[in-house]
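Asker: I would like the atomic coordinates for the input below:
(one chain, ligands or ions: 1)
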Amino acid sequence: MRMLLSALALCQLSLGYAQTMDEEFAKTVKEWTTKPEFLSPLVDHLPKVPGVPSPKDVLGYYAGAPKKLTYYSDLVRYYRALAAKSPRVKVIDIGKTDEGRECVVVFVGSEDSIRNLETYRQYLGQLADPRKLSEAEASAIIGKAKPIYHVMGGLHSAETGPPEMLMELVYRLATEDSPLIRTIRDNVIVSVTPAAEPDGRDRYVDWYYKYKINETGENDSMGAPPYWGKYIYHDNNRDINYSQMSSQRLLTWYLNWHPPIMHELHESEPFMYTFSGQDPQNPTLDPILYGELPWFSNFEMEQMTKYGMPGVWTHAFVDMWSPGYLGFMSSNHNGMLRMYEIFGNGGANTMHRKINGPDGGGRGGAGGGRGGGMTSRQWYRPLPPYAEVDWSMRNNTNYSETGVLSALQLTAAFPQIILENFYKKSRNSIEAGKTEALHGYVIPMGPDQTRVAFVVNTLRMQGIEVGRAKSDVKLADGTFPAGSFIVKRDQPYGRLAKILLEKQNFPDPALTTYDDTGWTMGLMTHTKVVEIMDKAVLDVAVDPVDKFEVHGTVASGPAAGGYAVIENGSNNLVTLRYRLKDVAARAVEQPFKSGDQDIPAGSLIFPANSYDKLKAAVEPLGLKAVALSAAPTVPMHDVDLPRLAIFSTWGSTQEVGWVRYAFDKFEVPYDLIYKERIKQGNLRGSYDVILIPNQGRGSKGLVYDIESKGKPLEYKKSDQFKTLGDYGQSDDITGGMGLEGVVELQKFVENGGLMITLGTASSFPADFGITRKVEASRTSAAFYAPGPIVQAEITRPVHPIFYGYTEKTIPVRWANGPLLTVPAADRESQVLMRFPGGDQGVLSGLMRGANEIRTRPAILDVPVGQGRVLLFATNPIYRWQNFGEFNMIFNAVMHFNDLKTK
Ligand SMILES: [Zn+2]
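Answerer: Below you'll find the model as predicted:
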């Protein structure tokens, strides 16, 4: 008899359990796995349980099947079908995406865990805020609580494997009776985001079925569709202020459930990289975290290496500096962000792949990369990936599932350690606020309440407690009026408040980093945020703020001269103008006084009979309108609104997406145009302003865009592919506007149009001769500046784009735009802003080689024919972050035909 037992059955017996297995699964998965060592004993089998549907029972195929990608609604359909039949699975709804898809979280655990989910949720909530707990009470809770381990796939839509794998993982956790899975099920509650970018998942799956399903290798790859989500691509993992709907949904869920671990599953590196939080590390986070991260990644590397799986490594890729990655919400709130990069083919096709890239250290990762490439053995890569491999979707599934199961194994072995660490980090955050100087922040109410509201509400969204001082505050650091906002550091998320508000001191200019080095919120938003070293701030009496709602005012009284809406730097002024677009308005070009009231340049003058409309618009926007006893005598111009277009390439829509998002939020209407419209010509007949956001890699990329592969690549709606063609349609997205497009843009400007270029796009008018005398060059190879915040000096303060800016020197985000040069004779008239440069000009983050930007123009206003080009070497609308710069663009829109200032 024993001779007849299959190896699989023996294996099960040796693990001490017997369960009916899906024999076809074992056979099929073995076939799909391209080498025996790419499979592990954790995932080479799958139980068959009568009445409990596996992914194949619902979808018709196993996870990791060749040429199968699952649409988002089918992912959710599977989880709901499973939950309907298993008392170990539960699906909850957490709201909708931008395009109206439902966001869900799937829980899987023992029947006890799922039945008492609410109780376990409350335990974690208590540990997350230990202020009300004694040590003994905390220990008691840790003794009976269970960690929630949250796993997310599909944040990046081209990374297609994990959403497939997660279905199998949840099924396995719900059904398998092996000792390992039982222990996980009993000791850990696993929660899953099936696809963190649901809209992008469907668009990518459509694109895959339309174009990529017949791909055979890296060289015939058709890339990705022009859009994933509604606005952005990879930056859904850089959305530090949680602007996008799906990020907000997840954050809200997180703050309700407090999973101590959040684990993002990405795809890129061969064969699997597991994040260990290498340097540069954010020093404000709890040091315990830096012990936990390599603890997990080393365990996974060791386990998978033991199973014979090559290419599992750690350390030398992503660092721990920027807190803006999506799952970082966990580390930011005293939990632990975990992350994998799994090898993937951008779809479900098996491909021959060559692994000849540089060591992971070369792609933003820092120390550890010693050359030798990805396939070299290193201390952090004991069994390197192969130099060439046939790689299948099922390989990807095997790696990610084995990795996650190993992580869950560790968690299940030490659930109380995980909980204790979570508790301890929360406790430490509170204590650090009491014992370490920098005890808090004060955000005084400035003339513009809307930017204060942005800061306060962004902190509040992340669970940070903010109060309003009940009376005047006298501290060693200064005196602040009653009503000032107070952020005390002795709170569970006090560390996060510090991370977001402090100046980023990059620890070592020799280190590189994966994303931005600076994000200081006060500098980005041009909002006064005062660091408080005086411990007395902790005792200031405050009223807690839930959300700070702005309230504007319109002064009543005689208004023979109309009303002036004060230009105080609020981005909402442009919204007001558009909400009242049918009311004639004028802008004052110079400041004046009306009674005691200073009326700054750029303030909008509305007629006396517009009181009702003005009141309805001004109050919710948080603006201030005053009545004028007499009409202003300073020069004014009409504030008429332009016919506005935003130009996007097809190949690089993301940075355009951030600009679209800002324009949508501030209610500035525009046409989104592509090369198709540019090439039609007569742009001046349709538009007054064409805005070309930062996109692609310089001017050639902007003009020639996606290289043609010889046949048209259409992006259009059809009955079969409903999500393609969203946000613009094209018969062929390749080829770019070409030189004929350049000619049309030149004609547009010469015929009186205003062209605005941002960031890298500002090399375009220089390189292609639209602004003939402007030169654009690049910084040297030694220069390195990943998103620091630097000083910029306004050299022409009377220019309308600076209405509302009161300081001569302001903080701007460095955008890696071109180094611009204009002839000396034009400097005075055309340079509106410049970079003082030098190390002292770096306000937050890292700029290596800061002398290279010394006195370089930051913004140019160049007349061309009857029109003009505004070139920004900065990127004034960046990732919903640099609110303080947005108004330069909104001002350019409102005053588009009045920019000429002698
Ligand atoms: Zn990714």
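
Asker: hmm, who's touching stretch 399-409?
Answerer: 38, 40, 42-43, 149, 151, 161-162, 165, 168-169, 172-173, 180, 183-184, 188, 190, 263, 265, 271-272, 274, 296, 299-300, 303-304, 307, 309, 312, 338, 340, 342-343 (Cβ atoms under 8 Å, 6 or more residues apart in numbering). All C-beta spots, glycine's among them, are computed from the backbone N, C-alpha and C.

Asker: Quick check: residue 265 is in a strand.
Answerer: Yes. Secondary structure of residue 265 (DSSP: H, G, I helix; E, B strand; the rest coil): part of a strand.

Asker: Run through the helices of the stretch 401-550 of the chain in chain order.
Answerer: 415-435, 449-461, 494-501, 521-525 (DSSP state H, counting those that start in this stretch).

Asker: Looking at those helices, which is nearest to residue 101?
Answerer: Taking Cβ to Cβ, helix 449-461 is the member of the helices of the stretch 401-550 of the chain nearest to residue 101, at 21.6 Å.

Asker: Buried residues of that closest one, list them for me.
Answerer: By 16 or more other Cβ atoms under 10 Å, the buried positions in helix 449-461 come out as 449-460.

Asker: ok, residue 638 - contacts?
Answerer: 584-586, 898.

Asker: next one: residue 393
Answerer: Per Cβ under 8 Å, 6+ apart, neighbours of residue 393: 32, 64-66, 68, 160-161, 164, 345, 347-350.

Asker: same question, residue 74
Answerer: Residue 74 neighbours (Cβ under 8 Å, 6+ apart): residue 59.

Asker: Report the secondary structure state of it.
Answerer: Relying on three-state DSSP, one would call residue 74 helix.

Asker: What separation is there between it and residue 167?
Answerer: Separation of residue 74 from residue 167 (Cβ to Cβ, to the nearest Å) stands at 10 Å.

Asker: What subset of the contacts of residue 393 is buried?
Answerer: Among the contacts of residue 393, those classed as buried by neighbour count (16+ other Cβ under 10 Å) are 32, 64-65, 68, 160-161, 164, 345, 347-350.

Asker: For the residues you listed, give me TSV that also has pLDDT and secondary structure.
Answerer: Shown next, in TSV, are the buried ones among the contacts of residue 393 (pLDDT from 0 to 100; DSSP: H, G, I helix; E, B strand; the rest coil):
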residue	pLDDT	secondary structure
32	98	helix
64	98	coil
65	98	coil
68	98	coil
160	98	coil
161	98	helix
164	98	helix
345	95	coil
347	96	coil
348	97	coil
349	97	coil
350	97	coil
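
Asker: out of the residues you listed, which one sits closest to residue 560?
Answerer: The closest of those, once distances to residue 560 are taken by Cβ to Cβ, is residue 160, at 66.2 Å.

Asker: related to what we said a few turns ago, so what sits against both of residue 74 and residue 167?
Answerer: residue 59.

Asker: Residue 778: neighbouring residues, count only.
Answerer: The local packing of residue 778 (other Cβ atoms under 10 Å) involves 13 other residues.

Asker: Which pLDDT value belongs to it?
Answerer: Listed pLDDT for residue 778 reads 96.

Asker: again, but for residue 359
Answerer: For residue 359, the model assigns a pLDDT of 62.

Asker: Repeat that for the one 4 residues further on.
Answerer: What the model reports as pLDDT for residue 363 is 41.

Asker: switch to numbering from 10
Answerer: All right, first residue 10 from here; so that's residue 372.

Asker: what's near enough to touch residue 507?
Answerer: Contact analysis of residue 507 by Cβ under 8 Å, 6+ apart lists 293, 447, 498.

Asker: Where strands are concerned, which of these count?
Answerer: Members of those lying in strands (criterion: DSSP state E): none.

Asker: top of these by neighbour count?
Answerer: Using other Cβ under 10 Å as the neighbour test, these are led by residue 498, with 26 neighbours.
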